[in-house]
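Trainee: Dropping a prediction and its sequence here:
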Amino acid sequence: MRDAHRSPLQTATKPILPVTAERLFVRRKGRVLLDVPSLTIGGTGTTVLVGPNGAGKSLLLNVMAGLRRPDSGVVLWNGVRPDRQRYCRFGMVLQRPVLLRRSARSNIEYALRSVGYGNAEARERAGHALEAAGLSALMNSSARVLSGGEMQRLALARALATAPDLLFLDEPTSSLDPASTQTIEAMVKDASKGGMRIVLIAHDLAQARRIGDEIIFMHRGKVVEHAPTDRFFGSPATAEANDFISGKILI
Ligand SMILES: Nc1ncnc2c1ncn2[C@@H]1O[C@H](COP(=O)(O)OP(=O)(O)OP(=O)(O)O)[C@@H](O)[C@H]1O
């Protein structure tokens, strides 16, 4: 079913799932920032990464995305190291979205052309993506003048439009009002239902419950729990997770 959404370039590229990490280690100034012996992101659904500030969530996402090199260890996308070609099947939205200095529509069209769509199809798909994100009225506005929430919706719409196999979202609703948060959650849920594998960082545990099929709980650079959402919240296996869920400050 997902093949219908793929560009010719994406179809010609090998799949990138599962993403596996082995013996990841990052240390700075004597402090262990990341220590993950083994982690696999495969199958379907949405994984929510939770944990206290500084736990290593963004770092893990960046290392799994191949954007940051660990001191040791290896990340493989379907058995090989991430390479340029495979990035056309991958998407990432940062906490502070990086948008081009052009119109909202053109931001999406540009991304679509970069994964192999021709001009006409890119234009049509961009129109649908803007509509789904509630941004049709702003399609010709410069991305620079959009509000923070509108920028985040545009960044997500742009990433979803390219129909990646795997999408990483770093706190996509961190500064959004309730309506924009709902829109983003609905977009994520739709994409997940359509077969896109999503990993997102969230601080809002209610949101993690709403959209997560599974939870990865991190503390002090380690993956402390990796469990289905119901199990994680219903009967956490560790004292740290229990304290975190109950709102206690973890040091
Ligand atoms: N380049 C770097 N040099 C030194 N320390 C770093 C570097 N990058 C990240 N860190 C540290 O690694 C730790 C993990 O950072 P990370 O951004 O992954 O945390 P996080 O779990 O995403 O936190 P938050 O919820 O606050 O966004 C932090 O203590 C951070 O200061």
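Mentor: Looks like it arrived, so ask away. Keep in mind it's a predicted model, so treat the numbers as computed, not measured.
Trainee: for the residue in the chain sticking out farthest from the centre, what are its contacts?
Mentor: When each C-alpha in the chain is compared with the mean C-alpha position (CA atoms, centre = their mean), residue 30 comes out farthest, at 29.3 Å. For residue 30, the contact set (CB atoms under 8 Å, 6 or more residues apart in numbering) is empty. Using the backbone N, CA and C atoms, a C-beta is placed for each residue, glycine as well.
Trainee: now swap in residue 159 and tell me
Mentor: Residues counted as contacts of residue 159 (CB under 8 Å, 6+ apart) are 91, 92, 93, 111, 167, 169.
Trainee: Tell me how far the last one lies from residue 145.
Mentor: The one in question is residue 169. Note on residue 169: its distance to residue 145, by CB to CB, to the nearest Å, is 24 Å.
Trainee: do the first one as well
Mentor: As for residue 91, its distance to residue 145 is 24 Å (criterion: CB to CB).
Trainee: between those two, who's got more neighbours?
Mentor: residue 91 (26 against 10; other CB atoms under 10 Å).
Trainee: quick one, what contacts the more buried one?
Mentor: Residues in contact with residue 91 (CB under 8 Å, 6+ apart) are 159, 160, 162, 164, 166, 167, 168.
Trainee: Any idea how many residues pack against residue 226?
Mentor: If you count neighbours by other CB under 10 Å, residue 226 ends up with 17.
Trainee: Please renumber the chain so that the first residue is 36 from this point on.
Mentor: Got it, the first residue is 36 from now on, which makes the last one we talked about residue 261.
Trainee: who does the helix or strand hosting it pair up with?
Mentor: Here residue 261 sits within strand 257-263, counting by DSSP states H and E. When sheet partners are counted by DSSP bridges, strand 257-263 sits next to strand 249-254 (antiparallel).
Trainee: averaged over its residues, what pLDDT does the partner strand have?
Mentor: Mean pLDDT, strand 249-254: 97.
Trainee: Wait, a strand at residue 109?
Mentor: Yes - under DSSP: H, G, I helix; E, B strand; the rest coil, residue 109 falls within a strand.
Trainee: Need the nearest residue in space to it, chain neighbours excluded.
Mentor: Counting by CB to CB, 6 or more residues apart in numbering, the nearest residue to residue 109 once its immediate chain neighbours are dropped is residue 57, at 5.3 Å.
Trainee: What strands flank whatever helix or strand the one you found lives in, and is each parallel or antiparallel?
Mentor: Assigned by DSSP H and E, residue 57 belongs to strand 54-63. Strands that pair with strand 54-63, judged by DSSP bridges, come out as strand 66-76 (antiparallel), strand 107-112 (antiparallel).
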